[in-house]
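Participant: Sequence and predicted structure, then a few things I'm wondering about:
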Amino acid sequence: MNIAIVGFGYWGPNLVRNFKNIENCCVTHIAESQKDRHKKINELHPEIQIQSFEEIINNSNIDAIVIATSISSHYNLAKLALEKEKHILIEKPMADSLEHAEELIKLSKEKNKILMIDHTYLYSPYIQKIKKIIDDDAIGKILYVDSIRANWGKFQSDYNVLWDLAPHDLSIINYLLNEIPISVQAIGKSFTNNKLENFAHLILRYKSNKIIHIKNSWISPTKIRTMIFGGSKKMLVFDELQSKKILVYNKNLENVSDSFDTTNKELSDEPQSIEPELSSKEPLLMMAQDFVNSIKNKIEPLSNGIIGMDVVKILSASEQSIKNSGQEIFI
């Protein structure tokens, strides 16, 4: 299978490296509009041809195209490639609007081509383990999720912090809960001249009465990657920056009342560390393999277009909410 990568900026080099490690898969071409990156491509991958996007989509020998460019270009590039009968993998988020996401899904079905979104976290052994814990009812019904994803920079020039960081949180939460929210509220603040929010809070409400809070920031002095899942039986904390990434606490919300005793011994036990069976393969490689396998076997990938569209739907609603001073937007 011959694959072309479009974009060799931040994420493109990682995609090239992983697709090159897949058996019977060959990265034959790279399209990169910034000429100063061509030297690096030639040094790292002298066997790969550098061509324009137009040349690549018109090359009948190329089976699939991976798009790793800025968000604003995803729709146009993917649409042109699908029209040329190419399978498509798009870096997250899928598109810059719900309308564009829906159109890409429709076009991929018309052309009978795989459309996949690179939500790499779904392939993490830790997320897969948490999925099993939740599906097995080990921590009970999920009542709330509190997620913080923050760091110092990297500031973007064409989209805000939610469009950059929240796709990780949203894709994980949508996948683990198998449910999308009915409404969105968001507030944000820009501390830079371009007025793009680099600090934001997002609240998601669900028909099942659960509530999700997501905080994203480019202005945190420390890097934070923490998700808390409040279950009716137990609570789970996922902190990907710690050596013990999954901790399950014997604290529950089943019998909580206004006067519950926080000193109750049963609620104060030390957490149980849960360690999944780790694969030698990095999640990005597993994502790339899923894309190739989906094309070969004509099956839907785990991180499919619907998952990508649901994330864009929430992001679009969050942007509308921010512009309307935190108004609740029903989706």
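Facilitator: In hand now; what should we look at? Numbering: from 1, shown residues only.

Participant: Under a three-state scheme, what state does Ile148 occupy?
Facilitator: Here Ile148 is strand, with the state taken from DSSP: H, G, I helix; E, B strand; the rest coil.

Participant: Return the residues in contact with Leu240.
Facilitator: One thing to correct before we go on: residue 240 is Glu, not Leu. Shown in contact with Glu240 (CB atoms under 8 Å, 6 or more residues apart in numbering): Tyr126, Arg225. C-beta coordinates here come from the backbone N, C-alpha and C atoms, glycine included.

Participant: And it, how close does it get to Glu270?
Facilitator: Glu240 sits 21 Å away from Glu270, going by CB to CB, to the nearest Å.

Participant: if I pick Pro283, what's in contact with it?
Facilitator: So, once contact is read as CB under 8 Å, 6+ apart, Pro283 ends up touching Thr120, Tyr121, Tyr123, Ser124, Pro125.

Participant: switch to 7 Å and redo it
Facilitator: Thr120, Tyr123, Ser124 (CB atoms under 7 Å, 6 or more residues apart in numbering).

Participant: out of everything not next to it in sequence, what's closest to it?
Facilitator: Using CB to CB, 6 or more residues apart in numbering and skipping the chain neighbours, the partner closest in space to Pro283 is Tyr123 (4.0 Å).

Participant: I figured the one you found hits Leu285, correct?
Facilitator: No: applying CB atoms under 7 Å as the test, Tyr123 and Leu285 come out as separate, 8.5 Å apart.

Participant: circling back: if I look at the residue nearest to Pro283, what pLDDT would I see?
Facilitator: Here the pLDDT value assigned to Tyr123 is 98.

Participant: same question, the one 4 residues further on
Facilitator: At Ile127 the predicted local distance difference test score is 98.

Participant: Low-confidence regions, the protein specifically.
Facilitator: 255-268 (pLDDT under 70).

Participant: Can you give me the domain boundaries for it?
Facilitator: 2-120+283-304, 122-281+313-330 (automatic domain parsing).

Participant: ranking these by burial, who's on top?
Facilitator: domain 2-120+283-304 (a mean of 19; mean count of other CB atoms under 10 Å).

Participant: Give the helix, strand or coil label for Ile214.
Facilitator: strand.

Participant: which residue sits closest to it, ignoring its sequence neighbours?
Facilitator: Nearest one to Ile214, counting by CB to CB, 6+ apart, is Leu202 at 4.3 Å.

Participant: quick one: that neighbour and Pro167 touch, right?
Facilitator: No: contact criterion CB under 7 Å: Leu202 and Pro167 do not qualify, at 11.6 Å.
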